[in-house]
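Undergrad: please work out how this folds:
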Amino acid sequence: MAKRAPARKRPRNAKPSTKGLAPAECRLTEPSEAVAEVTEAIEKAGGCAVGAYKEPLGGHPVLIAILPIDAVEPTPFQRDLSDAHHKRLADVINKTGRFLDPIIAVLALRDGFWTPNGRHRLEAMRRLGAKSISALVVADREVAWQILALNTEKAHNLKERALEVIRIYRGLVDEDASRPESQFAFYLDEPALVTLGVCYERVPRFGGGVYHPILRRLETFTDEPLRSAIKDHEKRSGMVLDLEEKVAGVVKKLKERGLVSPYLRSFVVARINPLRWIKGEPPPLEEVLKTMRERAGKFNVEKIRPQDLAGAAGPPDEGA
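TA: Numbers count the residues shown, from 1 in each chain. This is a model prediction of the structure:
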């Protein structure tokens, strides 16, 4: 059996003014080899490095740069662009006539730069016809995944969170698939989001909310290499989608009998979920999904009465 990743520890409140660097210590007097490499990449792209400093918490070097806007792209594994949001941003920037919120940028995998947190600002500036954009350029590309992990917590819904996590995961696989999955638990938030992300890739209108609690309880990050672990997530996502096909069939039959509720899918999943009755250590996820699929196939819609739905709750059905 694969080893579980250790639980993440949250930092305790530190005493005031006991951590990091004092202002004078943030002066970067001797640039490292990594900083020189990034400076060269900025100039090669047609940009201009206008300053450098040590960020005040960890002392990591950061370059302040003006980059050609065409040399910057969003990381390929973050959430989709909000058309309304970047247009509102463009209006605000246009009214002030100033761009005062630099994006964060890292070296891209091949050429140019990636921004993990500035997609909408970048698009807003492009909308305004800007030639360049100000950026805080970080020498360590891995910081892109760390920033995306923070962005993931701000995502509006489960689908956005899951899609962002699976895109981070695929980016990690592209970089070095031999590293253990558990090493990136912080970036990926929770293993259930990886599996759900694959589901949403395959079926964009998938209603993952009803399956999330089950996956969250039973899935763990492991010490398996990323190349192996992603295959496990893809296999489990296939099982979830097979189960959803059965559940959708039951929901359709219930609707044909005149039963109406925004929680029909949640009701069906709750009825076939064996975890409700299991105390102690639950069986593996694959076994639970198999049991649920079998129960969905045998679900007798004729025995369901309108009053049975009265206490149903959970995520509303997709499109309800």
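Undergrad: residue ranges with poor pLDDT in the stretch 1-150 of the chain?
TA: Low-confidence segments of the stretch 1-150 of the chain, defined by pLDDT under 70, span residues 1-11, 77-79, 148-150.
Undergrad: strands along that one, start to end?
TA: Remark: strands assigned in the stretch 1-150 of the chain by DSSP state E, counting those that start in this stretch are 48-54, 61-68, 72-74, 103-107, 113-115, 132-138.
Undergrad: can these go into a markdown table with extra columns for distance to F184?
TA: Just so you know, the C-beta spots here come from the backbone N, C-alpha and C atoms, and that holds for glycine as well. Output for those, formatted as a markdown table (distance: least, C-beta to C-beta, whole Å):
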| stretch | distance to F184 |
| --- | --- |
| strand 48-54 | 26 |
| strand 61-68 | 23 |
| strand 72-74 | 20 |
| strand 103-107 | 16 |
| strand 113-115 | 17 |
| strand 132-138 | 18 |
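Undergrad: turn these into JSON lines, including distance to V38 and mean neighbour count.
TA: What follows is those, written out as JSON lines (distance: least, C-beta to C-beta, whole Å; neighbours: other C-beta atoms under 10 Å):
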{"stretch": "strand 48-54", "distance to V38": "8", "mean neighbour count": "15"}
{"stretch": "strand 61-68", "distance to V38": "6", "mean neighbour count": "20"}
{"stretch": "strand 72-74", "distance to V38": "14", "mean neighbour count": "19"}
{"stretch": "strand 103-107", "distance to V38": "6", "mean neighbour count": "23"}
{"stretch": "strand 113-115", "distance to V38": "9", "mean neighbour count": "24"}
{"stretch": "strand 132-138", "distance to V38": "6", "mean neighbour count": "22"}
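Undergrad: which residues in the chain form helices?
TA: 33-44, 83-96, 119-127, 143-154, 158-175, 185-188, 191-202, 212-218, 226-256, 264-272, 285-297 (DSSP state H).
Undergrad: who wins for proximity to E201 among the strands of the stretch 1-150 of the chain?
TA: The stretch from those with the least distance to E201 (C-beta to C-beta) is strand 72-74; that distance is 17.8 Å.
Undergrad: who are the packing partners of the closest one?
TA: strand 113-115, helix 119-127 (3 or more C-beta pairs under 8 Å, 6 or more residues apart in numbering; DSSP states H and E).
Undergrad: quick one: K231 from P225, how far?
TA: 10 Å (C-beta to C-beta, to the nearest Å).
Undergrad: rewinding a little: which one of the strands of the stretch 1-150 of the chain lies nearest to W277?
TA: Each of these was checked against W277 via C-beta to C-beta, and the shortest separation belongs to strand 72-74, namely 45.9 Å.
Undergrad: how far is the closest one from where the chain is centred?
TA: For strand 72-74, the separation from the chain centroid amounts to 18 Å (computed by C-alpha atoms, centre = their mean, to the nearest Å).
Undergrad: kindly report the same for stretch 58-65.
TA: The chain centroid and the centroid of stretch 58-65 are separated by 25 Å, computed with C-alpha atoms, centre = their mean.
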